[in-house]
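Asks: starting from these lines, generate the structure:
(chains A and B)
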Number of protein chains: 2
Amino acid sequence: MGPAEKMAASAQAAARKIATLTTETKNDCLRDLADRIEKNTADIRQANAQDLNAADQNGLGEAKKKRLALSDQAVRQMADGLRQVSDLEDPVGAVTKQYDVSSGLQVRKVRCPIGVIMMIYEARPNVTVDAFALCFKSGNACILKGGREASHSNRMLADMIAATLQAHGIAPDAISLLTTSDREEIKRLLQLEQYIDLVIPRGGSSLIRFVHEHSRIPTVQHFHGVCHIFVDASADPDRAVDVCATAKTSAPSTCNAAECVLVHASVAADFVPGLVRRLSDEGVEARGDQVVCKLAPQAVPANDDDWGREFLDLVLAIRVVPDFDAAVAHINQYGSNHTDAILSTDPVNQRRFTDEVQSSCTLVNASTRFNDGFQLGLGAEIGISTSKIHAYGPMGLEELTTQRYVVQGDWQTR
Amino acid sequence: MGPAEKMAASAQAAARKIATLTTETKNDCLRDLADRIEKNTADIRQANAQDLNAADQNGLGEAKKKRLALSDQAVRQMADGLRQVSDLEDPVGAVTKQYDVSSGLQVRKVRCPIGVIMMIYEARPNVTVDAFALCFKSGNACILKGGREASHSNRMLADMIAATLQAHGIAPDAISLLTTSDREEIKRLLQLEQYIDLVIPRGGSSLIRFVHEHSRIPTVQHFHGVCHIFVDASADPDRAVDVCATAKTSAPSTCNAAECVLVHASVAADFVPGLVRRLSDEGVEARGDQVVCKLAPQAVPANDDDWGREFLDLVLAIRVVPDFDAAVAHINQYGSNHTDAILSTDPVNQRRFTDEVQSSCTLVNASTRFNDGFQLGLGAEIGISTSKIHAYGPMGLEELTTQRYVVQGDWQTR
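Replies: Sure thing, here's the model as predicted:
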């Protein structure tokens, strides 16, 4: 057994144990970890400073450095996050169906952990704590591969997690932190389907493609968000401007930010100039089709590549469509099944939109930015799945479990 | 676009349409198909005769020929199966959760089709009709790759399905039958993740391995059933003999047949001789460990390979274990997460068993043969998943859907 295989085998052994922990034990552990993290803020910030120094030396960009940095407040937020997860309902053991069948068997469908979950993510060190908390509360062991840039911070946090687990008599292998950035080592782990049950890659396209290409283990992808807003003929232009503009500006680099606004031709003259002006005022580049560019001088001409593109930046594509069907056809062709919204006061079109566009989240008269585990009431989120299998949309605790059958018989044969 | 890509793209276009069909339209279609199949029994049997002739010429084994043959009764059963699926509840559109969040958004979690499902299976031609019916009722388009041996029968059945769809104004591309047995062509299809959402391989290990190795599309595996029965110290020996023996003899080649009986040492002397005698009377070879062979002269010595082996035949492994923990450890080491049962009158051990063994189905005092969609009340079954992701255990209509979020807002921004 090589080191990768040993790590995965220990994770499986730990998973079998934590699958049967009581809710109370898990919650105690999460709250103790929160206290330990707060008490040791200085140590965490010191480790983080080492990462930030290295980032300076390696010339890391400002955006990445910002995501890497852990302020006192960020440490406190991590601890609060743990307390919030401890307050959430434990999905493990929940009976989702219960019935008797004609043979007399009493059938229950019961939520159970998936087993060992491997998560691969990039810069933010807080993900180390969040991902552990969600996996642990849902009874899973986790193998975490964070970004190399955050290695000192992640190591410090993972050590605190392991120490807390040990203090509660729980196998510290419930968390394994992978510090290698050797892609061959990661490839080896991605082959270990006998030990690892699920891989969740969270990060840029190249990371997700790498995992998809090399994994023999089932993967739930958290891929592109090419989110659309369709402004229907009946939409109030002023309110529509507000929803569309904020759906881009409030967090331009997130996966649920709007990337393209489709405008019904009959409302274009009333809506487009106001939207483009507002965008321009807020520093957003509007890339429009010919009609848009005629209606709004601040717009720049879009080219074909701008449809279906995830800008993740202060850029928004705008296209005028002749009718409802053309809007749905555009979304089906260029969308990424992530999040799409309609702004409309017509109940027929509202209904048709949510029926015909089957993205992980469709919204009526609200911003795409609401497709998020916290905003949709899941209480936590490990990511937003664009895979249709297993989980589709925001993944919280429930989505980190599966369901099995437990059957009580009375010596039935068949 | 090559032919594989064209087929997959048409299936996706069809899937978008059938995702929004009414339940009534789908049910009418299924019932009409049942009538059409019954009316054309002669044509189906003629096509089947061509397959059977070819099987004779190619020297196909008796077991395979039996699975290939369609009697009048088998045709009637196919038709009845369609009527049963039409009677099942339509999962599409079912609202599984509904709540408001603090921002005022009204959130619904709604069942929706997965999209395009590719199923790869072996000899039985009735699977063509069953798989279509389940995929169609759950709003999915399907690409079916049946066994080469059944090509005439499958073609005839797929043509009848397409004709029925067309008679109802539904895109016939809702079903595509793949008649090639060119593995390169299948590999090409398995790369088309942009069109195909799920692959379900159902068949022998080599088929499943082939798919697993070449697919870029998520796969739900229907793999080995290495099913165990643990006869605990408190089990009534006579009743236990009956459950264990029938769990092998009633259908020895099915995935839910028992392959190994584990016996608590304290009950071995009372139980093993009776079990081995009964098995021997019914033509089953008992492969036992040393204790078993001492207790029962008809048993033959098991070797190490017999633990964790799926015999799929009239062979049963029997091992005496010192205690409860050893039984669970054996199952965790050698089992396949499919189905495992405990025979015990001790409620503590019953509970511990169903907690500590997290197979897709664990049973107390009942035969492993009950892990089956019909027996567990699903009304239908496309297979039994040993993947933990998406679906675990028998897959019926619900398991052929996923869930998405549909959100009604009142012009909320974020």
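Asks: what sits closest to the residue positioned nearest the centre of chain A if chain neighbours are left out?
Replies: Closest residue to the average C-alpha location of chain A: A:Gly383 at 1.4 Å, with C-alpha atoms, centre = their mean. Counting by C-beta to C-beta, 6 or more residues apart in numbering or on different chains, A:Gly383 lies nearest to A:His222, which is 3.9 Å off, once chain neighbours are set aside. Where you see a C-beta, it was placed from the backbone N, CA and C, and this is true even at glycine.
Asks: got it, and A:Arg414?
Replies: The nearest residue in space to A:Arg414 (C-beta to C-beta, 6+ apart) is B:Arg369, at 4.2 Å.
Asks: show me what contacts that neighbour?
Replies: For B:Arg369, the contacting residues are A:413-414, B:246-247, B:250-251, B:254, B:256-258, B:375, by C-beta atoms under 8 Å, 6 or more residues apart in numbering or on different chains.
Asks: about what we covered before: per-residue pLDDT of the residue nearest to A:Gly383, please?
Replies: Note for A:His222: predicted pLDDT of 79.
Asks: go on, the one 3 residues further on?
Replies: pLDDT, A:Gly225: 92.
Asks: pretty sure it contacts A:Ser336?
Replies: Yes - using C-beta atoms under 8 Å, A:Gly225 is in contact with A:Ser336, at 6.3 Å.
Asks: one step back: out of the contacts of B:Arg369, list just those in strands.
Replies: The strands, defined by DSSP state E, take in B:Ala258 from these.
Asks: now do the SS call for A:Ser387.
Replies: Look at A:Ser387: counting by DSSP: H, G, I helix; E, B strand; the rest coil, its state is coil.
Asks: picking that back up, quick one, phi/psi of the residue nearest to the centre of chain A?
Replies: Backbone torsions for A:Gly383, taken as degrees, to the nearest 10, come to phi 160, psi -180.
Asks: isn't it up against A:Tyr392?
Replies: No - using C-beta under 8 Å, A:Gly383 is not in contact with A:Tyr392; the gap is 11.9 Å.
Asks: of all of the stretch 1-150 of chain A, which residue lies closest to chain B?
Replies: Among all residues of the stretch 1-150 of chain A, A:Val101 sits closest to chain B, at 4.5 Å; criterion: C-beta to the nearest C-beta.
Asks: and the nearest residue to that residue once chain neighbours are set aside, what does it touch?
Replies: Nearest non-adjacent residue to A:Val101, counting by C-beta to C-beta, 6+ apart: B:Gly377, 4.5 Å away. B:Gly377 is in contact with A:99, A:101, A:107, counting by C-beta under 8 Å, 6+ apart.
Asks: try 10 Å this time
Replies: By C-beta atoms under 10 Å, 6 or more residues apart in numbering or on different chains, the residues touching B:Gly377 are A:97, A:99-103, A:105, A:107, B:394, B:396.
Asks: from B:Ile384, how far out is it?
Replies: According to C-beta to C-beta, to the nearest Å, B:Gly377 and B:Ile384 sit 14 Å apart.
Asks: how about A:Pro218?
Replies: In terms of C-beta to C-beta, A:Pro218 sits 17 Å off from B:Ile384.
Asks: out of the two, which sits in the busier spot?
Replies: Neighbours were counted for A:Pro218 and for B:Ile384 using other C-beta atoms under 10 Å in any protein chain shown; B:Ile384 has more, 26 against 22.
Asks: which stretches in the stretch 301-414 of chain A count as strands?
Replies: Counting by DSSP state E, counting those that start in this stretch, one finds strands in the stretch 301-414 of chain A at the ranges A:315-321, A:339-343, A:361-366, A:383-385, A:393-395, A:401-412.
Asks: adding distance to B:Leu68, write those strands out as JSON lines.
Replies: Formatted as JSON lines, the strands of the stretch 301-414 of chain A follow (distance: least, C-beta to C-beta, whole Å):
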{"stretch": "strand A:315-321", "distance to B:Leu68": "52"}
{"stretch": "strand A:339-343", "distance to B:Leu68": "47"}
{"stretch": "strand A:361-366", "distance to B:Leu68": "45"}
{"stretch": "strand A:383-385", "distance to B:Leu68": "40"}
{"stretch": "strand A:393-395", "distance to B:Leu68": "43"}
{"stretch": "strand A:401-412", "distance to B:Leu68": "32"}
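Asks: could you say which of these is packed most deeply?
Replies: Among these, strand A:339-343 has the highest mean neighbour count (mean count of other C-beta atoms under 10 Å in any protein chain shown), at a mean of 31.
Asks: direction included, what does it pair up with?
Replies: Sheet partners assigned to strand A:339-343 using DSSP bridges are listed as strand A:227-231 (parallel), strand A:361-366 (parallel).
Asks: distance between it and the chain's centre?
Replies: Mean-position distance between strand A:339-343 and its chain equals 19 Å (C-alpha atoms, centre = their mean, to the nearest Å).
Asks: compute the inter-axis angle for it and strand B:401-412.
Replies: Going by axes from the mean of the first three to the mean of the last three C-alpha atoms, to 10 degrees, strand A:339-343 is angled at 40 degrees with respect to strand B:401-412.
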